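Asks: the sequence and its predicted three-dimensional model are supplied below.
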Amino acid sequence: MIGDSPDPALAGSGGRTGERPRQRPLPGVAPGSRRGEGWNVVETTEVRTSGPEPPPGEGEPTPPDERAGRSPRRLVALAIGAAAAVILFPLAFAYLRDPDANRVGVVALAIVVGVGGVFLLFWVLNRTVDFLPARFRETIRPYVFVGPALVLLLVFLVYPVFNTIFISLRNSSSTEFVGLDNYRFVFTDSGMLRSIRNTAGWLVLVPIVAVSTGLAFAVMADRLIRGEAVAKSLIFLPLAISFAGASITWQLIYSYRPQGFGSNVGLLNGIVLGLGQDPVRWLELQPWNNLFLMVIMVWMQTGFAMVVLSAAIKSIPDEIIEAARIDGASELQVFWRIIVPTIIPTIVVVTTYMIINSMKVFDIVFVQPANAEANGTVVMAERMIRWFFQLNHNGRGAAVAVVLFIAVIPVMIWNMRRFREEEAIR
Amino acid sequence: MRRTRMALAALMALFLIGAACTTDEGGDGGDGGGGGVNQEENTGTVNVLNAMEPHEAEAVQAAVDENIGDVDYTVEIEASADFEEQFPIRAEGGTLDVALVPQPGTVAAEAEAGTIVSLEDMGIDVGQLEETVGEYLMSLVEFEGEHWGVPTNVNLKSMIWYPKDDFDAAGYTVPETYDDLIALSDQIVEDGGTPWCVGFESGSATGWPATDWMEDIMLRTAGPDVYDQWVAHEIPFNDPAVVTAAETFGEVMFTDGYVLGGAADTPSIAFGAAPLPMFDDPPKCWLHRQASFIIGAAPFPEDAESGVDYDWFPFPPIDQEGTLLAGEFAVVGTNGNRPEVTDFLEKFLSEPVQCAQGGDPLSSRVSPNLEVGPDCYANEILADSAAVLTEALANGTGRFDASDLMPGEVGAGSFWTGMVRYMQQGPDSVQGVLDDIEASWPA
């Protein structure tokens, strides 16, 4: 019936009044109070007009006189809203840019401008679509709604990828084309090779250790009669700390002070001294210092693996496990033949997450009070930041980024394939 | 009716896009100047981006405001904690007025990219400047026949600190030559003490204080001319002259009992914490080589009194004389090509403004202006270091920190790393370490 409406522009308003006829029987409403209904318009109109036959009886047709009286006011309201936006947005941005502005005010305004701006954008776009001829309207509407997200994706994801590849083929200041020189550097420089080896170590060891200990904790915590929540919270807690914060915390464990510079406050050196040995420079102890740094990541990520895997374990029907036990399966058999196969999709997802996180690791290495290159603890993401931002060699930094980007693709493909298999089974 | 609505809708969309665009342009803070001969109009404000500590920036702001005289513009001294990232971003974005750049090495790159304006284009008399600050400093910012920065501040690196009261009580005397310095070190060891406090840890920049040591020694064993060749890579980094300097450095670091904790520990000792054992009673160490900033940036104990508890002497000559220094250069971005910026630069380097900057004891700013006299400085330490610097700049033996002049991958990369490895692996690693640094030099 809306499709038959003489004026297509009123389709939206018809839907809206249809949604809440009793709450808002009269048309003249101030623009501000009306905004909240923009979303309803979308849903109802979509349902209505996209279906081949509009469901009869749902929503009252708007009386003709009401439609006629509504349009000009709405247009005026829209125009006022647009004009206000044109004036207010620059003012808001001017305030946000003021370095002396009150920080709380800036945050509040940023939220208002951000959320309100996005809301306004969709509202205006949706309204604009309403003005289009009925034939195109519902074909275009989905693109209008997906559009901003697609544009953001293009601007902030696709464009940077191609720009990074472009920069990686150019010199330190991106002024000249140098072919594959930067890639040659990535695969010949001793520091870079070291970082590739170390990153490989990180992305093998960290996921294995974190996921297996996380799984062990999850299975064991599941058996706790009391205190499961407390035990889990304690293990989960480190995840709430930032990588840099955790690294600094762990400096208290690895701390080393030479003789003459105060007593050794580090936990490990405290133990070593207690055993009557000389204190050790843990962070310079090659190649073990890499393991010491990985421990920080494992400490942080085990909790995450545990929580996710624990949820998966809890979703295994008790009947299956009970049936296995009745059939005489040992606990180990239950674990390996029932629990693990059932939660393997979750294990894959968690492992993928860990692998990608290990590839990105940067802060843990960067924050250490030591020269990562001299101590052989360099990793690829750290090299990338260092070459790009500190040594101002755009080409090399970008080349490392591209290599990392390519290295992550197989992991993603593996993950996607698994996901598809799961879907196929369902 | 429908037409009107569609038109209105289109108009509205345009408004929104318009709003977005206006804010975007506002973000650029105005267009960049042409970078040409013609200067833009006076805007009434000169923004000076710099890497100072907040208190130092405040002191400089006050010195400028009080002494710049009657001018038709205001000066904003804007200290930025991430100056090294901000400077290229603003220069390339065309929003930079003036930046005080501590690494002259980066100036040439910006000049090549056309993001900064030469002094010649600004209408500044470089010949006059050379008379004011000496020719050496101006040669550091010369690129393709033009000059790209005005030296506005220098500080002394070749300083050896010692605990004066205990030092005098023990009967030690300030060494005049390098041999005296080694003899003093031996004497201290003989008396049961440890002569040197050394620490090279500085987070991800660990190793830089060691490069200062190397530079100080290189300048004195090879002399200023070879030093310049070393900086410009006219001699390789593993040249015999550099090996000699590294070995001389090693003699201090690796001699048994010379260094508190031993050389291998120095990369684990924070450079700011390194001098503190000197203030123990009795001193755990007696000598500490560090630049003048060490008083302000990584303070000595609060109750330590300059001239009583501690004092300094210049790093003594070895085979040659030289003085290691660092400093900053005022560089003009394309946005700063305006008459009031030219006027500001001349006034900023003038004697009254420079003299007032020396009055802040914590920031240890020494003027490159040779006319600024010792009375300008807040205390005797600053005045003495200013005297050493002024003399070195006037007679041409002053040399800028080499690692700030070398390409970033060496000066802020392999040089630091190499020195850390040298400390960790001992005297025999010297050749390998220098070979590695040489290999890292960009082609």
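Replies: Okay, I see it.
Asks: need the strands for chain B, in chain order.
Replies: Along chain B, counting by DSSP state E, strands occupy B:45-50, B:74-79, B:98-101, B:116-117, B:142-143, B:146-147, B:150-156, B:159-162, B:288-289, B:311-314, B:323-333, B:398-400.
Asks: tabulate those strands (CSV), appending mean neighbour count.
Replies: C-beta here means a position set from N, CA and C on the backbone, and glycine is covered the same way. Below are these laid out as CSV (neighbours: other C-beta atoms under 10 Å in any protein chain shown):
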stretch, mean neighbour count
strand B:45-50, 21
strand B:74-79, 18
strand B:98-101, 28
strand B:116-117, 28
strand B:142-143, 18
strand B:146-147, 18
strand B:150-156, 26
strand B:159-162, 22
strand B:288-289, 24
strand B:311-314, 20
strand B:323-333, 25
strand B:398-400, 26
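Asks: which among those strands is found nearest to chain A?
Replies: Nearest to chain A, of all the strands of chain B, is strand B:74-79, at 8.9 Å by C-beta to the nearest C-beta.
Asks: which elements pack onto that closest one?
Replies: When contacts are defined as 3 or more C-beta pairs under 8 Å, 6 or more residues apart in numbering or on different chains; DSSP states H and E, strand B:74-79 packs onto strand B:45-50, helix B:54-67.
Asks: mind listing what's buried in the longest one?
Replies: Residues B:Glu56, B:Ala57, B:Ala59, B:Val60, B:Gln61, B:Ala63, B:Val64, B:Asn67 are the ones in helix B:54-67 that count as buried (16 or more other C-beta atoms under 10 Å in any protein chain shown).
Asks: ranking the helices and strands packed on strand B:74-79 by mean pLDDT, which is last?
Replies: Least confident of these, judged by mean pLDDT, is helix B:54-67 with a mean of 90.
Asks: check which helices and strands it sits against.
Replies: Against helix B:54-67 (3+ C-beta pairs under 8 Å, 6+ apart) you get strand B:74-79, helix B:351-357.
Asks: as JSON lines, those with distance to A:Ile356 would be great.
Replies: Putting the helices and strands packed on helix B:54-67 into JSON lines (distance: least, C-beta to C-beta, whole Å) gives the following:
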{"stretch": "strand B:74-79", "distance to A:Ile356": "38"}
{"stretch": "helix B:351-357", "distance to A:Ile356": "51"}
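Asks: can I get those in a markdown table with mean pLDDT?
Replies: Converted to a markdown table, those look like this (pLDDT from 0 to 100):
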| stretch | mean pLDDT |
| --- | --- |
| strand B:74-79 | 93 |
| helix B:351-357 | 91 |
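Asks: can you tell me the closest non-neighbouring residue to A:Met384?
Replies: Nearest-residue entry for A:Met384: A:Val400, 4.0 Å, with adjacent residues in sequence omitted and distances by C-beta to C-beta, 6 or more residues apart in numbering or on different chains.
Asks: helix or strand: which one has the one you found?
Replies: helix A:394-425 (DSSP states H and E).
Asks: confidence score at the nearest residue to B:Val420 once chain neighbours are set aside?
Replies: Closest residue to B:Val420 apart from its sequence neighbours, by C-beta to C-beta, 6+ apart: A:Ala374 at 3.7 Å. In this model, A:Ala374 is scored at 89, pLDDT.
Asks: now do the contacts for A:Ala374.
Replies: B:Thr206, B:Gly207, B:Pro267, B:Trp416, B:Thr417, B:Val420, B:Arg421, B:Gln424 (C-beta atoms under 8 Å, 6 or more residues apart in numbering or on different chains).
Asks: likewise A:Tyr159?
Replies: Contacts of A:Tyr159 (C-beta under 8 Å, 6+ apart): none.
Asks: try 10 Å
Replies: Counting by C-beta atoms under 10 Å, 6 or more residues apart in numbering or on different chains, A:Tyr159 touches A:Leu153.
Asks: for chain A, give me its nearest residue in the stretch 301-443 of chain B.
Replies: B:Val420 (3.7 Å).
Asks: the nearest residue to B:Glu92 once chain neighbours are set aside and B:Ser429, how far apart?
Replies: What sits nearest to B:Glu92 in space, not counting adjacent residues and going by C-beta to C-beta, 6+ apart, is B:Thr115, at 5.2 Å. Distance of B:Thr115 to B:Ser429, computed by C-beta to C-beta, to the nearest Å: 41 Å.
Asks: for stretch A:229-248, buried residues please.
Replies: A:Lys232, A:Ile235, A:Phe236, A:Pro238, A:Leu239, A:Phe243, A:Ala246, A:Ser247.
Asks: which SS class is the second one?
Replies: Translated: A:Ile235. helix (DSSP: H, G, I helix; E, B strand; the rest coil).
Asks: give the contact list for the residue nearest to it when sequence neighbours are not counted.
Replies: Excluding the flanking residues, the one nearest A:Ile235 by C-beta to C-beta, 6+ apart is A:Gly303, at 4.6 Å. Listed by C-beta under 10 Å, 6+ apart, the contact partners of A:Gly303 are A:210, A:213-214, A:217, A:232-240.
Asks: mind checking pLDDT for A:Gly303?
Replies: 92.
Asks: that one: which element?
Replies: helix A:288-314.
Asks: list the buried residues of that helix.
Replies: Here helix A:288-314 shows A:289-290, A:292-310, A:312-313 as buried, counting by 16+ other C-beta under 10 Å.
Asks: ok, stretch A:386-395 near chain B or not?
Replies: Yes. Judged by C-beta under 10 Å from any C-beta of the partner chain, stretch A:386-395 comes into contact with chain B through A:Arg386, A:Trp387, A:Phe389, A:Gln390, A:Leu391, A:Asn392, A:His393.
Asks: closest to chain B out of the residues you listed?
Replies: A:Leu391 (4.3 Å).
Asks: how about the contacts of A:Ala374 in CSV, adding neighbour count and pLDDT?
Replies: Shown next, in CSV, are the contacts of A:Ala374 (neighbours: other C-beta atoms under 10 Å in any protein chain shown; pLDDT from 0 to 100):
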residue, neighbour count, pLDDT
B:Thr206, 29, 91
B:Gly207, 30, 92
B:Pro267, 30, 92
B:Trp416, 27, 93
B:Thr417, 23, 93
B:Val420, 26, 95
B:Arg421, 22, 94
B:Gln424, 21, 93
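Asks: please list all residues in contact with the residue nearest to A:Met384.
Replies: A:164, A:168, A:182-183, A:185-186, A:192, A:195-196, A:380-388.
Asks: if we can go back for a sec, among the contacts of A:Ala374, which pair sits farthest apart?
Replies: B:Trp416 and B:Gln424 (12.8 Å; C-beta to C-beta).
Asks: overlap in contacts, the two.
Replies: A:Asn371, A:Ala374, B:Pro267.
Asks: hmm, B:Ile269 is touching B:Glu201, no?
Replies: Yes. Checked against C-beta atoms under 10 Å, the pair B:Ile269 and B:Glu201 is within contact range at 5.6 Å.
Asks: who's more crowded, the two?
Replies: Per other C-beta atoms under 10 Å in any protein chain shown, whichever of B:Ile269 and B:Glu201 has more neighbours is B:Ile269, with 27 against 22.
Asks: phi, psi for the more buried one please.
Replies: Main-chain dihedrals, B:Ile269, degrees, to the nearest 10: phi -100, psi 120.
Asks: tell me which of B:Thr115 and B:Ser429 has more neighbours.
Replies: Set B:Thr115 next to B:Ser429 and count neighbours by other C-beta under 10 Å: B:Thr115 wins out with 22 against 17.
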